[in-house]
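[1] No letters, just coordinates:
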């Protein structure tokens, strides 16, 4: 396994070269039967960090030392066949969610030591994208939104350096994000993207719940509602977390004009193709007929069908297609084609991001790596793999606009 990491998994080999202690987990008896629930990972991370580290720098180093082996072991289990690519995506997401929970709790503790607390205030973290749908990869960023709420009459915090409620939560958010992203002598953990909050980079880093609620009462654009289809509350205070879940479900459950949603999505897809390109056959996210098209179709189904079928909400694209077929929203044959395409592309991309250097193209990959991925999907070599991917993308592309048009007509 160690030799295969060095030969076929450059991302794991890079971690090993700078943090060799992560290999200890491979020889642990628990390697073959991992406990991958978020609560289990949180417990292990907290055990590694210790009880309330006395200063922030020590906490940041220990958090990195605790989380990095957890993520490394996901890749090692994928490489050894103990996890399927889908299970690895769920495991990577569980590790990231655990890191977010611990980072938020400790950041709040350290911040309160200096600034106290705002009476009655609550805080929560919403995940979007691949973390929201529990389908993270080895190189995924974390798309997050930090939301807070407070009583209307809340005053300044009660610490030795009091802050007004808005400033308090903005600075606390900055501390929390730094806990995940700041480079220390132990390296970094994740890249975090906060642009999916209301008004994006034009707004404060922390969003007040009332602002979030009001924004989605008429100001949000279609692409922002598309992002909500994968939104999931992953950390924070229970009361605010439940209000956020209910609000997201309410927004997604509205009846919408399918013609407008279709037009907006097709325009957006064309813009992405112009700006980022869609002709690299190995870029399974952006290539025509690839994962972006499948995600757009799933998001279209959720936004136009959740008012009748709430079960469409809150899951990844292949499960949306399957549920849409069960509800009679999609023809069974088309749903099967889309579901199988998503699972194929997602499995291959999971291996790509795990095993291939960033920016590398398929033709630059060692034959052994391509053969390994091909064997994983039941094909003999990289040439057959590429042909199968091309054929599947062509099928998806043919269905993309046709399904939107058909569903728009049936809705009317």
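    Great, that's in hand. Nothing here was measured: the structure is a model prediction, and the numbers come from that model.
[2] distance of the residue positioned nearest the centre of the chain from residue 119?
    With distances taken as Cα atoms, centre = their mean, residue 131 lies nearest the centre of the chain, 2.0 Å away. Per Cβ to Cβ, to the nearest Å, residue 131 is found 31 Å from residue 119. Every C-beta, even on glycine, is put in place using the N, C-alpha and C of the backbone.
[3] What segments of the stretch 201-350 of the chain are strands?
    Using DSSP state E, counting those that start in this stretch, the strands of the stretch 201-350 of the chain run over 206-208, 232-236.
[4] I'd like those as JSON lines, with mean neighbour count and mean pLDDT appended.
    Below are these laid out as JSON lines (neighbours: other Cβ atoms under 10 Å; pLDDT from 0 to 100):
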{"stretch": "strand 206-208", "mean neighbour count": "21", "mean pLDDT": "95"}
{"stretch": "strand 232-236", "mean neighbour count": "22", "mean pLDDT": "97"}
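[5] Tabulate those strands (TSV), appending distance to residue 126.
    Listed next are these as TSV, based on distance: least, Cβ to Cβ, whole Å:
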stretch	distance to residue 126
strand 206-208	9
strand 232-236	5
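[6] Looking at those, spot the one closest to residue 188.
    Smallest distance to residue 188 across these (Cβ to Cβ): 19.4 Å, for strand 232-236.
[7] what does that closest one contact?
    Around strand 232-236, the neighbours that count as contacts under Cβ atoms under 8 Å, 6 or more residues apart in numbering are 97, 100-101, 104, 122-127, 131-134, 147, 241, 244-245, 248, 314.
[8] change it to 7 Å
    Around strand 232-236, the neighbours that count as contacts under Cβ atoms under 7 Å, 6 or more residues apart in numbering are 97, 100-101, 104, 123-127, 132, 241, 244-245, 314.
[9] Select from these every entry located in helices.
    Of these, the ones assigned to helices by DSSP state H are 97, 100, 101, 104, 132, 241, 244, 245.
[10] Can you go through these and name the buried ones?
    Buried members of the ones in helices among the contacts of strand 232-236, counted by 16 or more other Cβ atoms under 10 Å: 97, 100, 101, 104, 132, 241, 244, 245.
[11] So the residue nearest to the centre of the chain sits against residue 141, correct?
    No: contact criterion Cβ atoms under 7 Å: residue 131 and residue 141 do not qualify, at 8.7 Å.
[12] The stretch 301-412 of the chain: helices as residue ranges?
    With DSSP state H, counting those that start in this stretch, the ranges of helices along the stretch 301-412 of the chain come out as 317-326, 332-355, 367-376, 382-411.
[13] Redo those helices as JSON lines? Include mean pLDDT, distance to residue 27 and mean neighbour count.
    Formatted as JSON lines, the helices of the stretch 301-412 of the chain follow (pLDDT from 0 to 100; distance: least, Cβ to Cβ, whole Å; neighbours: other Cβ atoms under 10 Å):
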{"stretch": "helix 317-326", "mean pLDDT": "94", "distance to residue 27": "35", "mean neighbour count": "22"}
{"stretch": "helix 332-355", "mean pLDDT": "92", "distance to residue 27": "21", "mean neighbour count": "20"}
{"stretch": "helix 367-376", "mean pLDDT": "84", "distance to residue 27": "23", "mean neighbour count": "18"}
{"stretch": "helix 382-411", "mean pLDDT": "87", "distance to residue 27": "32", "mean neighbour count": "16"}
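[14] Those helices: which one's closest to residue 24?
    The closest of those to residue 24 is helix 332-355. By Cβ to Cβ, the value is 20.3 Å.
[15] contact partners of that closest one?
    Helix 332-355 is contacted by residues 8-9, 11, 75, 78, 85-86, 88-89, 135, 137-139, 284-285, 290-291, 294, 297, 317-318, 321-322, 324-325, 369, 373, 376-377, 389, 392, 395-396, 399, 403 when judged by Cβ under 7 Å, 6+ apart.
[16] likewise stretch 36-55?
    59, 62-63, 65-67, 70, 91, 94-95, 97-98, 101-102, 109.
[17] And stretch 314-321, by the same measure?
    For stretch 314-321, contacts defined as Cβ under 7 Å, 6+ apart pick out 133, 135, 232, 294-295, 298, 301-302, 312, 330, 335, 338-339, 342-343.
[18] try it again with 6 Å
    With Cβ atoms under 6 Å, 6 or more residues apart in numbering as the test, stretch 314-321 has contacts from 133, 135, 294, 295, 298, 301, 312, 335, 338, 339, 342, 343.
[19] ok, the residues you listed vs residue 217, which is closest?
    Nearest to residue 217 among these, with distances taken as Cβ to Cβ, is residue 312, at 21.8 Å.
[20] Measure how buried that closest one is and give me the count.
    When neighbours are defined as other Cβ atoms under 10 Å, residue 312 has 25 of them.
[21] Report the contact partners of it.
    By Cβ under 6 Å, 6+ apart, residue 312 lies in contact with 302, 305, 306, 320, 323.
[22] Excluding chain neighbours, give the residue nearest to the fourth one in space.
    Going back to what we said before, that points to residue 320. Spatial nearest neighbour of residue 320, excluding adjacent residues (Cβ to Cβ, 6 or more residues apart in numbering): residue 298 at 4.1 Å.
[23] Okay, that neighbour and residue 321: tell me how far apart.
    Applying Cβ to Cβ to residue 298 and residue 321 gives a distance of 7 Å.
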